[in-house]
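Q: Pasting a predicted model and its sequence here:
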Amino acid sequence: MIDKLNKLYRNTIRLAISGEGKHNIGATRFGGMPDVPGDFIWPTFETSTHEDKEVKRRPLSFIAQFNCNDLTPLDYEGLLPTTGVLSFFYEIGSQRWGFDPKDRGSARVYWFENIDELKTAEIPNDLPKEFRFPSLNISLTADKSLPEYEDLVLAYPEFDGDYDKYEEEMSSQYESHSKLLGWPFIIQNNMTCECELVSRGFYLGDDWEKIPKTIITEVEASSIDNWRLLFQLDTVEDEDFELMFGDCGSIYFYIKKEDLKVKNFDNIWLILQCY
């Protein structure tokens, strides 16, 4: 079993989020205010929220930004941009799950290539205070990750049936699963099939039996390689601040491998999973 695991590893960048974040332009940090170009238009999404049933356009929350120069020495596979800033946004009030094609736009990722052209943005007045997060430091550590069993059997069917032995080999020692790249820590089930099906217009909020079996078979065979984890964010806690997704869940930003290769972050898909 151990010999077989070597071909499964993917490079990942572990994230530890705590302490006051850096405020200089382009610095890697969670929350605070993003650094953006002068012509940046703050993203919005039309939705109701858990607290407000009115459907209207609402600003997305700024989640985090990463200075690509910080990431390059840790990105052993060379998947991410080597210059600029990657910024992540999500509509926190509704916390869309990603199983509905209509969720498109509830999460956004931007790559700003030239840091010299950036300035600190002003938070929209209509973004509620509870959806504005304190600036926290992000420590980065290079690591390697193995797929959870749900991803494993899609990527490598020959492992099907070895669940107990595999789980023993890859048991995680991390309390937080926030990371860039690599394999996701899965809470419920495989997400690459979901990304592919929803991006094709299928609604997955009810029975999958409505989807033709030929399409599901095709997606199961291809999606595990075509869709890659870009960013997983677990619960964030620091002193009096806590950001949780659902019931102790995570949000997952996925991107197609071909889009990542050409640095196109317009078509990412977000999924939320929780316990």
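A: Happy to help now that I have it.
Q: Look up how far I224 lies from T49.
A: Separation of T49 from I224 (CB to CB, to the nearest Å) stands at 33 Å. C-beta here means a position set from N, CA and C on the backbone, and glycine is covered the same way.
Q: what do you get for S145?
A: From S145 to I224 the distance is 14 Å (CB to CB).
Q: likewise H177?
A: Counting by CB to CB, the gap from H177 to I224 is 19 Å.
Q: Over to R200?
A: According to CB to CB, R200 and I224 sit 16 Å apart.
Q: what about the strands in the stretch 1-150 of the chain?
A: 10-20, 29-30, 35-37, 44-47, 56-59, 61-67, 85-90, 107-112, 118-120, 136-145 (DSSP state E, counting those that start in this stretch).
Q: would JSON lines of those with mean neighbour count, distance to E220 and mean pLDDT be doable?
A: As requested, those are exported to JSON lines (neighbours: other CB atoms under 10 Å; distance: least, CB to CB, whole Å; pLDDT from 0 to 100):
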{"stretch": "strand 10-20", "mean neighbour count": "18", "distance to E220": "19", "mean pLDDT": "96"}
{"stretch": "strand 29-30", "mean neighbour count": "25", "distance to E220": "34", "mean pLDDT": "98"}
{"stretch": "strand 35-37", "mean neighbour count": "19", "distance to E220": "39", "mean pLDDT": "98"}
{"stretch": "strand 44-47", "mean neighbour count": "18", "distance to E220": "30", "mean pLDDT": "98"}
{"stretch": "strand 56-59", "mean neighbour count": "17", "distance to E220": "35", "mean pLDDT": "98"}
{"stretch": "strand 61-67", "mean neighbour count": "24", "distance to E220": "30", "mean pLDDT": "98"}
{"stretch": "strand 85-90", "mean neighbour count": "24", "distance to E220": "27", "mean pLDDT": "98"}
{"stretch": "strand 107-112", "mean neighbour count": "21", "distance to E220": "24", "mean pLDDT": "98"}
{"stretch": "strand 118-120", "mean neighbour count": "15", "distance to E220": "41", "mean pLDDT": "97"}
{"stretch": "strand 136-145", "mean neighbour count": "16", "distance to E220": "21", "mean pLDDT": "95"}
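Q: Show me where the stretch 151-275 of the chain has its helices.
A: Under the criterion DSSP state H, counting those that start in this stretch, the stretch 151-275 of the chain carries helices at the ranges 163-170, 192-199, 213-226, 257-261.
Q: returning to what we had before: and T49 and I224? Which one has more around it.
A: Regarding T49 and I224, a neighbour count based on other CB atoms under 10 Å identifies I224 as having more, with 22 against 17.
Q: I'd guessed the more buried one sits against A155; true?
A: Yes. At 4.7 Å, I224 counts as touching A155 under the criterion of CB atoms under 8 Å.
Q: looking at the protein, which helix or strand is least sure?
A: When the helices and strands of the chain are scored by mean pLDDT, DSSP states H and E, helix 2-5 comes last with a mean of 64.
Q: circling back to that earlier point, may I see the helices of the stretch 151-275 of the chain arranged in a markdown table, with mean pLDDT and distance to D116 as well?
A: Output for the helices of the stretch 151-275 of the chain, formatted as a markdown table (pLDDT from 0 to 100; distance: least, CB to CB, whole Å):
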| stretch | mean pLDDT | distance to D116 |
| --- | --- | --- |
| helix 163-170 | 69 | 43 |
| helix 192-199 | 96 | 34 |
| helix 213-226 | 92 | 35 |
| helix 257-261 | 97 | 24 |
